[in-house]
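Colleague: Sequence below, structure please.
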Amino acid sequence: MASSSSARYVGAVDQGTTSSRFMVFDHGGNEVVKYQLEHTQIMPRPGWVEHDPVEIWERTSSVIQSGLRQAGLSADDLVALGITNQRETAVVWNRKTGRPYYNAIVWQDTRTDRLATALDRDERGQTIRRKAGLPPATYFSGGKIQWILENVDGVREAAENGDAIFGNTDSWLVWNLTGGPRGGVHVTDVTNASRTMLMNLETLDWDDELLEIFSVPRSMLPEIKPSSCSEGYGSTTAEGPLGGEVRLTGILGDQQAAMVGQVCFEAGEAKNTYGTGNFMLLNTGTELVRSEAGLLTTVCYRFDDQPPVYALEGSIAVTGSAVQWLRDQLGIISGASQSESLAASVEDSGGCYFVPAFSGLFAPYWRSDARGAIVGLSRYNTNAHIARATLEAICYQSRDVAEAMSKDSGVAVDVLKVDGGITANKLCMQLQADILGVPVSKPVVAETTALGAAYAAGLAVGFWSGTDELRENWNEGDRWEPTWSQEQREDGYTGWKKAVERTLNWVDVD
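Modeller: Residues are numbered from 1 along each chain as shown. The predicted model follows:
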């Protein structure tokens, strides 16, 4: 427990792709405070996406301090702290100095496309699929670690002698929060470990054969722990941003955290998170379902010493970032909210489709040779049609994943729980209901990712008695019912599939 018996809240750090935020929740799962800061997106070459790990740690420290100050709280008010994070974003740093050897290589980065393609051509690709539940792809951490080991001077040697260590951003933050070079704890949880291509889904441990494929020394890797851990991972320090000791007891990759925040604890329950990309997950229970339809098999969560719960996941690289592209690169909107009003000024997309394959296509296609395309244009089309096609692209990509989930699991999604920034766009959510043909449901508390990390941390210390109590906290805020006819839905989807075909074989990755 925290150092005071008055502790009555749970804290959560949500370290995301574009920003870091700190939130505090009460026993009812209600938001007490939220403080958020963006960090720099570094793009040194086409297809390369990096973050500065030092900036991420500094921004995380700032949001914790500012959030506590804003709410008039201290470490003594927090019973536990949870962390959720952008997954697959790889950091390699020196355990003695705390200095990163290189920028964090972000999950969207495609510099390892040749490596992934080579792995996919021989039996190593099948080994990765069988053991890790993942296709060989630029998305995951394993190839990023290998790239740093092979391309940054001195790192291979430092890794061999135990100085260079790796983590996704959860490990980087936990290490810094618990003391950094002065005794920082080097851990991760099963959900983050399951996104590296290095962990065996059955043993929940690093796998020697997978480590050999990527030439990654085991000594670099963090210890794998449950997502909700009653013994804790360690405690924050008085010198750190919380200014006191708080037990760290929850870690979840961001999409798994959203599953917990959306209380998707039963097999067959699904949610879709709309952020920089889209991530749809389907709880498959304690059964490890291997995908035949282009999805990922991943760990959904593991609470303490209970059996792990697995999920099928469809990861879509570009959704919210396509709206940012309209704003930042094309300049046809001044802010994300304007995409709704502009798109609503026309009845449909005027026959045009936008496939935002900026980083290739993720699930269910897994094509790193694809690139973005706007097709079906005529003189009739305006910027409003392109804005509407952008919103439709978010929804069509989600339908691609929902169809694959139905094939793999035999379960059709009957209601889609949604969360994330784009859910504020009511037109986009109506389009999602229309394109999928099922109701779309949004909870009152939209910050389900941070909430899930708080739930994992609070469950570990008995702040919440169990998942039944968490279910009682969930309340629907908005609901959208389908309005399109079946014919309209299928015609639109047929056009989308044709548009996707036009994006393939654009980049030579041989």
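
Colleague: got the buried residues for the one helix or strand residue 500 maps to?
Modeller: Per DSSP states H and E, residue 500 falls inside helix 486-503. Going by neighbour count (16 or more other CB atoms under 10 Å), the buried part of helix 486-503 is 489, 492-493, 495-496, 499-500, 502-503. To be clear about C-beta, it is placed using only N, CA and C from the backbone, and glycine gets the same treatment.

Colleague: What are the contacting residues of that helix?
Modeller: With contact meaning CB atoms under 8 Å, 6 or more residues apart in numbering, helix 486-503 is reached by 351, 353-355, 357, 361, 365, 367, 370-373, 375-376, 392, 396, 399, 434-435, 437, 482, 484.

Colleague: Could you pick out the buried ones from the residues you listed?
Modeller: By neighbour count, with 16+ other CB under 10 Å, those hold 353-355, 357, 361, 365, 367, 370-373, 375-376, 392, 396, 399, 434-435, 437, 482, 484 as buried.

Colleague: what ranges do the strands span in the stretch 401-510 of the chain?
Modeller: Ranges of strands in the stretch 401-510 of the chain, per DSSP state E, counting those that start in this stretch, are 416-419, 440-443, 476-480.

Colleague: packing partners for the longest one?
Modeller: By that I understand strand 476-480. When contacts are defined as 3 or more CB pairs under 8 Å, 6 or more residues apart in numbering; DSSP states H and E, strand 476-480 packs onto helix 426-436, strand 440-443.

Colleague: Now render those as CSV, adding mean pLDDT and distance to residue 304.
Modeller: Listed next are the helices and strands packed on strand 476-480 as CSV, based on pLDDT from 0 to 100; distance: least, CB to CB, whole Å:
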stretch, mean pLDDT, distance to residue 304
helix 426-436, 97, 35
strand 440-443, 95, 25
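
Colleague: Just the pLDDT at residue 4, thanks.
Modeller: Listed pLDDT for residue 4 reads 43.

Colleague: Equivalent analysis for residue 447, please.
Modeller: What the model reports for residue 447 is a pLDDT of 85.

Colleague: My understanding was that it contacts residue 24; is that so?
Modeller: No - using CB atoms under 8 Å as the test, residue 447 is too far from residue 24 to be in contact (11.2 Å).

Colleague: Between those two, which contacts overlap?
Modeller: In terms of CB under 8 Å, 6+ apart, residue 447 and residue 24 are both contacted by the residues residue 31.

Colleague: Show me which of the two is the more surrounded one.
Modeller: A count of neighbours by other CB atoms under 10 Å puts residue 24 above the other of residue 447 and residue 24, at 25 against 20.

Colleague: mind listing what the more buried one touches?
Modeller: So residue 24 contacts 9-12, 31-33, 67-68, 71, 73, 77-78 (CB under 8 Å, 6+ apart).

Colleague: Surely residue 21 is in contact with residue 11?
Modeller: No - using CB under 8 Å, residue 21 is not in contact with residue 11; the gap is 11.2 Å.

Colleague: Who has more neighbours out of those two?
Modeller: Neighbours around residue 21 and residue 11, counted as other CB under 10 Å, are more numerous at residue 11. The numbers are 33 against 23.

Colleague: For that one, which three-state class applies?
Modeller: strand (DSSP: H, G, I helix; E, B strand; the rest coil).

Colleague: picking that back up, select, out of the helices and strands packed on strand 476-480, the one closest to residue 285.
Modeller: With CB to CB, the closest approach to residue 285 among the helices and strands packed on strand 476-480 belongs to strand 440-443: 21.3 Å.

Colleague: what's that closest one packed up against?
Modeller: By 3+ CB pairs under 8 Å, 6+ apart, strand 440-443 packs against strand 416-419, helix 426-436, strand 476-480.

Colleague: got the CA positions of the second one in CSV?
Modeller: The C-alpha trace of helix 426-436 is given here as CSV (Å, rounded to 0.1, in the frame of the first residue of the first chain):
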residue,chain,number,x,y,z
LYS,A,426,-20.4,11.5,-34.1
LEU,A,427,-20.6,11.2,-37.9
CYS,A,428,-17.7,8.7,-37.9
MET,A,429,-19.4,6.6,-35.2
GLN,A,430,-22.6,6.6,-37.2
LEU,A,431,-20.7,5.6,-40.3
GLN,A,432,-19.1,2.8,-38.3
ALA,A,433,-22.5,1.4,-37.3
ASP,A,434,-23.7,1.7,-40.9
ILE,A,435,-20.6,0.1,-42.5
LEU,A,436,-20.5,-2.8,-39.9
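
Colleague: ranges for the strands of the stretch 201-350 of the chain?
Modeller: Using DSSP E, counting those that start in this stretch, the strands found in the stretch 201-350 of the chain span residues 205-206, 223-225, 234-235, 247-253, 270-274, 278-285, 296-301, 309-316.

Colleague: which of those sits most buried?
Modeller: strand 247-253 (a mean of 30; mean count of other CB atoms under 10 Å).

Colleague: What average pLDDT does that one get?
Modeller: For strand 247-253, the mean per-residue pLDDT is 98.

Colleague: That one vs strand 296-301, what angle?
Modeller: Relative orientation of strand 247-253 and strand 296-301, computed by axes from the mean of the first three to the mean of the last three CA atoms, to 10 degrees: 160 degrees.

Colleague: So what's the gap between strand 247-253 and the chain middle?
Modeller: Distance of strand 247-253 from its chain centroid, counting by CA atoms, centre = their mean, to the nearest Å, is 15 Å.

Colleague: Can you list the helices and strands that that strand packs against?
Modeller: Against strand 247-253 (3+ CB pairs under 8 Å, 6+ apart) you get strand 78-85, helix 169-177, strand 187-189, helix 190-193, strand 234-235, helix 448-460.

Colleague: Format the ones you listed as JSON lines; extra columns: distance to residue 112.
Modeller: Converted to JSON lines, these look like this (distance: least, CB to CB, whole Å):
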{"stretch": "strand 78-85", "distance to residue 112": "20"}
{"stretch": "helix 169-177", "distance to residue 112": "18"}
{"stretch": "strand 187-189", "distance to residue 112": "20"}
{"stretch": "helix 190-193", "distance to residue 112": "19"}
{"stretch": "strand 234-235", "distance to residue 112": "32"}
{"stretch": "helix 448-460", "distance to residue 112": "26"}
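
Colleague: hang on, isn't residue 466 packed against residue 459?
Modeller: Yes - the pair residue 466 / residue 459 is scored as a contact, 7.2 Å apart, by CB under 8 Å.

Colleague: pretty sure residue 250 contacts residue 453?
Modeller: Yes - with contacts counted by CB under 8 Å, residue 250 reaches residue 453, the gap being 5.4 Å.

Colleague: coming back round to it: looking at the helices and strands packed on strand 476-480, which is nearest to residue 302?
Modeller: Closest to residue 302 of those is strand 440-443 (CB to CB; 23.5 Å).

Colleague: Would you mind listing the outside residues contacting the closest one?
Modeller: By CB under 8 Å, 6+ apart, the residues outside strand 440-443 that reach it are 262, 415-419, 423, 429, 432-433, 474-480.

Colleague: Give me the below-cutoff pLDDT ranges for this structure.
Modeller: Applying pLDDT under 70 to the chain picks out residues 1-6, 509-510.

Colleague: Tell me the spacing between residue 478 and residue 507.
Modeller: Relative to residue 507, residue 478 is positioned 39 Å away (CB to CB, to the nearest Å).

Colleague: er, residue 44 I mean
Modeller: Residue 44 is 18 Å from residue 507, by CB to CB.
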